[in-house]
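Asker: sequence isn't available, so here's the structure alone:
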Ligand SMILES: Nc1nc2c(c(=O)[nH]1)N=C([C@H](O)[C@@H](O)CO)CN2
């Protein structure tokens, strides 16, 4: 069984896009993360030090994406996944990066990746 700590609807303004006009503005990306993490241990101890701190993960991800200026959301996804896997006690994650409004006829577009090893 894999426990999950998740972050849903993490919204960040950043420079993103392949077209010239997109390089001059900020646009919104929305990130959803599911991360394999032990929930039983912090559930028994009631100590955040035993938990995967979703606030700390959120801060790290926001700082990375806000400072970035990638062309593709695929690049955002790969860099966010690499950050979470290397900086936090996470062995596996599923990450959705959405760029709402990028296609006017669509409610949402984006990518979903899974990285790491799920126990
Ligand atoms: N698979 C992708 N396709 C497209 C991307 C992207 O990041 N990944 N980006 C664009 C443009 O930047 C678009 O969002 C402008 O509206 C087009 N296709």
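Answerer: Yep, that arrived. Model, not experiment: these values are computed from the prediction.

Asker: tell me the average confidence for stretch 4-19?
Answerer: Stretch 4-19 shows a mean pLDDT of 98.

Asker: to clarify, my last question referred to stretch 61-78.
Answerer: For stretch 61-78, the mean pLDDT works out to 98.

Asker: buried residues, it. List them.
Answerer: Neighbour counts over stretch 61-78 (16 or more other CB atoms under 10 Å) mark 61, 62, 64, 65, 68, 70, 73, 76, 77, 78 as buried. Where you see a C-beta, it was placed from the backbone N, CA and C, and this is true even at glycine.

Asker: could you pull out the strands for this structure?
Answerer: Using DSSP state E, the strands found in the chain span residues 4-14, 27-36, 92-98, 110-116.

Asker: using a markdown table, lay out those together with mean neighbour count and distance to residue 104.
Answerer: Below are these laid out as a markdown table (neighbours: other CB atoms under 10 Å; distance: least, CB to CB, whole Å):
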| stretch | mean neighbour count | distance to residue 104 |
| --- | --- | --- |
| strand 4-14 | 15 | 20 |
| strand 27-36 | 19 | 14 |
| strand 92-98 | 21 | 15 |
| strand 110-116 | 15 | 15 |
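
Asker: between the ones you listed, which gets nearest to the ligand?
Answerer: Nearest to the ligand among these is strand 110-116 (6.5 Å), distances taken as CB to the nearest ligand atom.

Asker: which residues sit against the closest one?
Answerer: The contact list for strand 110-116, computed with CB atoms under 8 Å, 6 or more residues apart in numbering, reads 30, 36, 73-74, 77-78, 81-82, 85, 90-99.

Asker: sheet partners, orientation included, of it?
Answerer: strand 92-98 (antiparallel) (DSSP bridges).
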